[in-house]
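1. got a predicted model here, sequence first, then my questions.
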Amino acid sequence: MAKNSEEGVYKIVEVVGTSSKSWEDAANTAVATAAKTLRDLRIAEVTKLDLKIEDGKVIAYRARVSLSFKYQA
């Protein structure tokens, strides 16, 4: 009987990526950075977008991302 590859336990962590270009770039930065230390990332969900403003101008885009990865005991 084949084992279902979707079975298992998953952990969810939240990270915030930043970018001076766009929210999409901020989300990509969050995932790429997390992928350096977390294995087997499965799903990413952008849960919040915000901006950093200085002197009335947007200087940074921020994306809060919830990431799930397979828990390995």
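-> That came in fine, so what should we check first?
2. dump the helix or strand in which residue 44 is found to PDB, keeping only the CA atoms.
-> Per DSSP states H and E: residue 44 is located in strand 41-54. The C-alpha trace of strand 41-54 is given here as PDB (Å, rounded to 0.1, in the frame of the first residue of the first chain):
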ATOM      1  CA  LEU A  41       8.500  24.100   3.200                       C
ATOM      2  CA  ARG A  42       5.000  23.400   2.000                       C
ATOM      3  CA  ILE A  43       2.600  26.400   2.000                       C
ATOM      4  CA  ALA A  44       3.100  30.100   2.400                       C
ATOM      5  CA  GLU A  45       0.200  32.400   3.300                       C
ATOM      6  CA  VAL A  46       0.600  36.200   3.300                       C
ATOM      7  CA  THR A  47      -1.300  37.300   6.400                       C
ATOM      8  CA  LYS A  48      -0.600  41.000   6.500                       C
ATOM      9  CA  LEU A  49       0.900  43.700   4.300                       C
ATOM     10  CA  ASP A  50       2.100  47.100   5.600                       C
ATOM     11  CA  LEU A  51       4.400  49.900   4.600                       C
ATOM     12  CA  LYS A  52       7.200  51.800   6.300                       C
ATOM     13  CA  ILE A  53       6.900  55.600   5.700                       C
ATOM     14  CA  GLU A  54       9.500  58.300   6.200                       C
END
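3. how distant is it from the center of its chain?
-> 7 Å (Cα atoms, centre = their mean, to the nearest Å).
4. give the partner strands of it in its sheet and their orientations.
-> strand 57-70 (antiparallel) (DSSP bridges).
5. got the CA positions of the partner strand in CSV?
-> Provided in CSV are the C-alpha atoms of strand 57-70 (Å, rounded to 0.1, in the frame of the first residue of the first chain):
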residue,chain,number,x,y,z
LYS,A,57,7.2,58.6,1.3
VAL,A,58,7.1,54.8,1.3
ILE,A,59,10.5,53.5,2.0
ALA,A,60,9.8,49.8,2.6
TYR,A,61,7.1,47.2,1.9
ARG,A,62,6.6,44.5,4.5
ALA,A,63,4.9,41.2,4.1
ARG,A,64,4.0,38.9,7.1
VAL,A,65,4.0,35.3,5.9
SER,A,66,2.9,32.2,7.7
LEU,A,67,5.0,29.2,6.5
SER,A,68,4.2,25.5,7.0
PHE,A,69,6.8,22.8,6.9
LYS,A,70,6.7,19.1,7.7
